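> pasting the structure only:
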């Protein structure tokens, strides 16, 4: 509609309403002004955005689109928000605008461009359920272009990350349908932007970009696992997003439900811990919280409990004199607690009923041996492969994963390979 003058002292909404098929008449009749004849919200504009001497477009809502007749005449009404809501306006205030067509005729005219088919039109809606690492992306199919459409989203880190596309399942949508995608794996406390997309055989429709930030709160640890021994329990978990440490609390007789209940079993940056000094045949309850930037995670990992095995603690913890040392020292798997896969490898050992030290000894031998074969296959020089084996053996012994007698045997083997090439 063309704006001539804005006489309003108090801003109000101008809303499209529908009274078809009978109202309004053309030309207008007196009873066309009956407020009970028109309903709905087909789109609107606020007089604060009203422009004099120019066009003032009103974009249809989904409801407004449904009022457009594909054949014949479409007749709609423009009404003020106070008229629709029947709210009182002081007679001392002017509250009207003068609209016209470009030709200067006083009554407003509605021009509609209608297409039977075409690319879809879509709106990007604000996201929901935003966490430290996930969010629900939402879209609305405003117009399907006359056929069923697929829906999806493109998202990226702001301001210029690579765009990743995701699809709203194996579904099709029609005009007025909402669609969404539950996005996971996002970064903690990070600015993202996304846009909704819909496609049919005519083409692709894109919505506007919408921005959001993942939560800056500390995420809860998860996948807390408990594996009991006679007088100890092996715990492993996945650290929560944004957490520098994990705090594990425990007690007997019930779960520690808050981050101040029970006793602290662990407070460090790792993902594995062996809780020792426990009583055989006793049930212990655990809960874990993330810690970072001076804050706990909100809810904890969730209560987990397990009962230690029956027996004597002497079986698990031999006296100092029974622990071999020097050349026959047992592999010390605790030296690898900082290794990212530490908990996973220990879990594999548990499923095989294998001592942790043995598992790490075998893994060290495998890495050294396979590494040596790989280097030889690429270089065809026994000397280079022998040096790798010798260095790996020395490092394994220093770390404590190989006893000295085994390191000595590996060293002799590596020296033999080197001597063969030197000859």
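Perfect, I can see it now. Small disclaimer: the values here were computed from a predicted structure and weren't measured. Numbering: from 1, shown residues only.
> only C-alpha atoms for contact and neighbour calcs from this point on.
OK.
> List the residue ranges of the stretch 151-300 of the chain that fall below the pLDDT cut-off.
Residue ranges of the stretch 151-300 of the chain with pLDDT under 70: 293.
> ranges for the helices of it?
Under the criterion DSSP state H, counting those that start in this stretch, the stretch 151-300 of the chain carries no helices.
> Do you have the strands of the stretch 251-400 of the chain handy? List them.
In the stretch 251-400 of the chain, the strands defined using DSSP state E, counting those that start in this stretch lie at 263-268, 272-275, 283-292, 295-296, 304-307.
> Can you convert these into a markdown table and add a column each for distance to residue 397 and mean neighbour count?
Listed next are the strands of the stretch 251-400 of the chain as a markdown table, based on distance: least, Cα to Cα, whole Å; neighbours: other Cα atoms under 10 Å:
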| stretch | distance to residue 397 | mean neighbour count |
| --- | --- | --- |
| strand 263-268 | 26 | 16 |
| strand 272-275 | 23 | 20 |
| strand 283-292 | 34 | 25 |
| strand 295-296 | 39 | 16 |
| strand 304-307 | 35 | 18 |
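> Which one, of those, ends up nearest to residue 399?
Nearest to residue 399, of all the strands of the stretch 251-400 of the chain, is strand 272-275, at 18.4 Å by Cα to Cα.
> Residue 226: which of the strands of the stretch 251-400 of the chain is closest?
Across these, closest to residue 226 is strand 304-307 (Cα to Cα), at 6.7 Å.
> Show me what the longest helix seen in the chain is packed up against.
Secondary structure of the chain read by DSSP state H shows that its longest helix is helix 356-379. Under the contact criterion of 3 or more Cα pairs under 8 Å, 6 or more residues apart in numbering; DSSP states H and E, helix 356-379 touches helix 342-351, helix 382-399.
> Could you list the buried residues of that helix?
Using 16 or more other Cα atoms under 10 Å as the test for burial, helix 356-379 gives 356-361, 364-365, 368-369, 371-373, 375-376.
> contacting residues around the residue most central in space within the chain?
Residue closest to the average C-alpha location in the chain (Cα atoms, centre = their mean): residue 134, at 1.9 Å. When contacts are counted by Cα atoms under 8 Å, 6 or more residues apart in numbering, residue 134 touches 182-186, 214.
> 6 Å instead, please
183-184, 186 (Cα atoms under 6 Å, 6 or more residues apart in numbering).
> now it: how far from residue 79?
43 Å (Cα to Cα, to the nearest Å).
> ok, now residue 332?
From residue 332 to residue 79 the distance is 81 Å (Cα to Cα).
> Check residue 253 too.
Distance, residue 253 to residue 79, by Cα to Cα: 68 Å.
> So between these two, which is more surrounded?
residue 79 (17 against 10; other Cα atoms under 10 Å).
> Next up, phi/psi of the more buried one, please.
Phi and psi for residue 79, reported as degrees, to the nearest 10, are phi -140, psi 150.
> Could you do the one 4 residues further on as well?
Backbone torsions for residue 83, taken as degrees, to the nearest 10, come to phi -70, psi -40.
> Skipping its backbone neighbours, what lies nearest it in space?
residue 35 (7.6 Å; Cα to Cα, 6 or more residues apart in numbering).
> farthest pair in the buried residues of helix 356-379?
The span of those, defined through Cα to Cα, is set by 356 and 376 at 30.5 Å.
> all strands of the stretch 101-250 of the chain, in order?
121-128, 135-143, 150-157, 164-167, 178-183, 191-200, 203-206, 210-213, 222-228, 233-238, 245-251.
> Which among those strands is found nearest to residue 15?
Checking these against residue 15 by Cα to Cα gives strand 135-143 as the closest, at 18.5 Å.
> ok and that closest one relative to strand 191-200, angle-wise?
40 degrees (axes from the mean of the first three to the mean of the last three Cα atoms, to 10 degrees).
> Just list what strand 135-143 packs against, helices and strands only.
With contacts taken as 3 or more Cα pairs under 6 Å, 6 or more residues apart in numbering; DSSP states H and E, strand 135-143 sits against strand 121-128, strand 178-183.
> for the longest one, which positions count as buried?
Of the residues in strand 121-128, those with enough neighbours to count as buried (16+ other Cα under 10 Å) are 121-125, 127.
> before we move on, what about the shortest one?
Of the residues in strand 178-183, those buried under the neighbour-count criterion (16+ other Cα under 10 Å) are 178-181.
> Pairing partners for that strand, with directions?
strand 135-143 (antiparallel) (DSSP bridges).
> Including distance to residue 341, could the strands of the stretch 101-250 of the chain go into CSV?
Listed next are the strands of the stretch 101-250 of the chain as CSV, based on distance: least, Cα to Cα, whole Å:
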stretch, distance to residue 341
strand 121-128, 34
strand 135-143, 28
strand 150-157, 28
strand 164-167, 29
strand 178-183, 26
strand 191-200, 30
strand 203-206, 42
strand 210-213, 30
strand 222-228, 14
strand 233-238, 10
strand 245-251, 16
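> Any idea which of those strands gets closest to residue 272?
strand 233-238 (4.3 Å).
> Check which strands are paired with that closest one and give the direction for each one.
Taking DSSP bridges as the criterion, strand 233-238 sits next to strand 222-228 (antiparallel), strand 272-275 (antiparallel) in its sheet.
> That strand versus strand 283-292: what angle between them?
Using the same axes, to 10 degrees: strand 233-238 against strand 283-292 is 30 degrees.
> just how off-centre is strand 233-238 within its chain?
24 Å (Cα atoms, centre = their mean, to the nearest Å).
> Give me the contacts around it.
221-227, 271-275, 343.
> Relative to residue 388, which of these is nearest.
residue 343 (27.2 Å).
> these two touch, right, that closest one and residue 272?
Yes - counting by Cα atoms under 6 Å, residue 272 is a contact partner of residue 343 at 5.3 Å.
> just to revisit the earlier point, as a markdown table, the buried residues of strand 178-183 with distance to residue 17 would be great.
Formatted as a markdown table, those follow (distance: Cα to Cα, whole Å):
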| residue | distance to residue 17 |
| --- | --- |
| 178 | 23 |
| 179 | 27 |
| 180 | 30 |
| 181 | 33 |
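> Let me know the closest of those to residue 2.
Nearest to residue 2 among the buried residues of strand 178-183, with distances taken as Cα to Cα, is residue 178, at 33.3 Å.
> And the pLDDT for the closest residue to residue 38 other than its chain neighbours?
Take residue 38 and drop its neighbours on the chain: the residue closest to it by Cα to Cα, 6+ apart is residue 19, 4.6 Å away. Model confidence at residue 19, given as pLDDT, is 92.
> And residue 19, how far from residue 246?
64 Å.
> residues near residue 130, how many?
Neighbours around residue 130, by other Cα under 10 Å: 17.
> Mind pulling up the pLDDT for it?
88.
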